[in-house]
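Chemist: Only the shape, not the letters, is given here:
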């Protein structure tokens with residue numbers, strides 16, 4: 001069990017005593033680490049694997065799970081086929097957990113005791129200036145353009161996260177007011193590249209969480225495909241009145257000017273380098289390639 005006490009603005013730390021009691025009642029003894037930083041989360045996962053643990057459970061949100069997953073994907077000593085991930089959901093939105101039926105910490109404990117497992121797809125991002133010089137992986141979303149600007153604003157206003165998924169929409173409004181569509185060269189799989197103007201792109205293998213924020217409502221985490229959402233060059237007025245409000249339930253993808261494409265490999269280039277993010281974290285700049293790694297990670301889920 002790897003605890004991120006800061007997840008959900010401290011919610012993970014608050015619920016941990018009850019979770020710990022429930023876990024001991026459900027499965028007995030288990031290894032435990034409390035972390036202090038993003039790097040500490042990755043180190044904790046790597047050390048747990050080295051010590052022989054093969055079930056890694058994150059107590060936190062989507063960000064925590066992404067860090068743990070990247071540590072597992074980058075570990076060359078332990079085949080990822082031997083590793084199972086689980087989650088106690090304590091983040092702001094908890095997209096991954098909810099898609100797997102882990103809607104509450106108590107529900108998650110029950111699922112961890114039952115240990116039903118299924119393979120889950122993850123996204124791979126190969127971007128210029130990636131910092132660490134290696135591919136980055138994501139569960140929920142790879143984004144470029146307007147979505148990155150909205151993510152930056154959300155990160156710069158921590159109090160806004162109290163709004164949950166609505167915080168992203170609010171930040172999107174501010175980004176639209178100060179931004180404009182940009183030029184992209186875009187290609188999917190083996191199709192020739194096309195030059196388009198767009199506000200930006202989402203790449204997803206998880207749909208999001210309807211009622212909070214739904215980036216790609218038709219995406220499935222086990223079909224071996226990415227859903228790419230192109231936010232076309234619609235007017236600011238339509239972005240503010242039609243597109244952004246409809247992100248809450250995902251219906252924005254059916255509005256005029258939006259395009260959804262499924263594929264396995266997407267490539268994006270821009271006239272000047274643009275920042276690209278994985279699950280809300282900076283991960284290099286364009287040009288970038290986003291691809292799917294089918295069934296990359298086995299995860300515990302709740303039987304429906």
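Modeler: Noted; the coordinates are in hand. Computed from a predicted model, the values in this text were never measured in an experiment.

Chemist: what helix or strand is the residue nearest to residue 75 when sequence neighbours are not counted on?
Modeler: Once flanking residues are discounted, residue 75 sits nearest to residue 49: 5.6 Å by Cβ to Cβ, 6 or more residues apart in numbering. All C-beta spots, glycine's among them, are computed from the backbone N, C-alpha and C. When elements are defined using DSSP states H and E, residue 49 is found to belong to helix 38-50.

Chemist: Then residue 295?
Modeler: Residue-wise, residue 295 maps onto strand 281-301 under DSSP H and E.

Chemist: Now do the strands in the stretch 151-300 of the chain.
Modeler: 182-188, 194-198, 200-204, 226-231, 258-263, 265-269, 275-278, 281-301 (DSSP state E, counting those that start in this stretch).

Chemist: What lies in contact with the helix holding residue 49?
Modeler: Residues from elsewhere that reach helix 38-50 (Cβ atoms under 8 Å, 6 or more residues apart in numbering): 2, 4, 31, 33, 35, 56, 58, 64, 67-68, 70-72, 75, 77-78, 83.

Chemist: Also stretch 19-27?
Modeler: 1, 30, 32, 59, 88, 105, 106, 109, 110, 112, 113.

Chemist: Which member of those residues is positioned nearest residue 223?
Modeler: residue 112 (25.2 Å; Cβ to Cβ).

Chemist: count of neighbours near that closest one?
Modeler: Residue 112: 24 surrounding residues under other Cβ atoms under 10 Å.

Chemist: Am I right that it sits in a helix?
Modeler: Yes. Looking at residue 112 with DSSP: H, G, I helix; E, B strand; the rest coil, it is inside a helix.

Chemist: Contact partners for residue 122?
Modeler: 69, 73, 137, 138, 139, 205, 292, 293, 296, 297.

Chemist: Residue 281 contacts residue 64, doesn't it?
Modeler: No. Assessed by Cβ atoms under 8 Å, residue 281 is found out of contact with residue 64, at 11.7 Å.

Chemist: Please identify which of those two sits among more neighbours.
Modeler: Per other Cβ under 10 Å, whichever of residue 281 and residue 64 has more neighbours is residue 64, with 27 against 15.

Chemist: Can you verify that one is assigned to a strand?
Modeler: No. Under three-state DSSP, residue 64 falls outside any strand and is assigned helix.

Chemist: Contact partners for it?
Modeler: For residue 64, the contact set (Cβ under 8 Å, 6+ apart) comprises 2, 4, 7, 12, 41, 58, 87, 91.

Chemist: same question, residue 30
Modeler: 1, 23, 24, 57.

Chemist: got the contact list for the first one?
Modeler: Put plainly, it is residue 1. Residue 1 touches 20, 23, 30, 31, 32, 33, 57, 59, 88, counting by Cβ under 8 Å, 6+ apart.

Chemist: Out of those, list just those in helices.
Modeler: When helices are assigned by DSSP state H, the members of those inside them are 20, 23.

Chemist: PyMOL command to pick out the buried ones of the contacts of residue 1?
Modeler: Filtering the contacts of residue 1 down to the buried ones (16 or more other Cβ atoms under 10 Å) takes a single PyMOL command:
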select buried, resi 20+23+57+59+88
